[in-house]
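> Build me a structure from this.
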Amino acid sequence: MEAHSILSKKGFSVKSYGTGSAVKLPGSSPNQPNIYPFDTTYEQMYQDLYQKDPHLYTQNGILHMLDRNRRIKPRPEKFQGAKERFDVIFTVEERIYDTVLEDIASQGQVSYIPVHIINLEIQDNHEEATLGAFQILELCELMRTAHDLENEIEEILQEFEAKYSRTLLHAVAFY
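Next comes the predicted model:
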């Protein structure tokens, strides 16, 4: 959602989704996450965690993250089954990248409109999320200024990888 927030502020049309069976947030211990169905609002999650342990969830940044999220949209959304079509989809974990590819492939090609799926691996913490969001913004700006994205995207991604010493995963799928 950090990338969603930053891209939105820079004028990009953005949607954000989860791919799991539920929303999982860190709990009081690693083996006790807080699990919410996708129809739970960010406000409800915030209030629930605030009632459970305001100090813990303030200290670990979860309340701050939920506060930001509830200002962006009411609730999380699940990617599988989404009807929107995109030019580019960014994922931040290889597991999510694989899920997105599988979901698009399972829909069958109807219109043969391409979508670029790009994974930038980001550790799940506030600092990495912020850095990753700005790197995704940079990629979006480079893609927006491309004269012919289909022919220039590989070069854009390779230059990004060289600049940041990061490996990106990239695939083209079709709707």
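
> low-confidence ranges in this structure?
For the chain, applying pLDDT under 70 flags no range at all.

> Who are the packing partners of the lengthiest helix in it?
Secondary structure of the chain read by DSSP state H shows that its longest helix is helix 126-144. Secondary structure elements in contact with helix 126-144, counted by 3 or more C-beta pairs under 8 Å, 6 or more residues apart in numbering; DSSP states H and E, are helix 2-9, strand 88-91, strand 114-120, helix 149-164. Using the backbone N, CA and C atoms, a C-beta is placed for each residue, glycine as well.

> Please save the CA atoms from it in CSV.
Written as CSV, here are the backbone C-alpha positions of helix 126-144 (Å, rounded to 0.1, in the frame of the first residue of the first chain):
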residue,chain,number,x,y,z
HIS,A,126,8.2,0.0,6.7
GLU,A,127,11.7,1.1,5.6
GLU,A,128,11.9,-1.4,2.7
ALA,A,129,8.3,-0.7,1.7
THR,A,130,9.1,3.0,1.4
LEU,A,131,12.3,2.5,-0.6
GLY,A,132,10.6,-0.1,-2.8
ALA,A,133,7.6,2.3,-3.4
PHE,A,134,10.0,5.0,-4.7
GLN,A,135,11.7,2.5,-6.9
ILE,A,136,8.4,1.4,-8.3
LEU,A,137,7.5,5.0,-8.9
GLU,A,138,10.8,5.5,-10.8
LEU,A,139,10.0,2.4,-13.0
CYS,A,140,6.5,3.8,-13.7
GLU,A,141,7.8,7.2,-14.7
LEU,A,142,10.3,5.5,-17.0
MET,A,143,7.6,3.4,-18.6
ARG,A,144,5.3,6.4,-18.9
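
> can you pull the contacts of the residue lying closest to residue 84 once chain neighbours are set aside?
With sequence-adjacent residues excluded and distances taken as C-beta to C-beta, 6 or more residues apart in numbering, residue 84 is closest to residue 15, at 6.0 Å. Contacts were defined as C-beta atoms under 8 Å, 6 or more residues apart in numbering; by that measure residue 15 touches 4, 77, 82, 84, 86.
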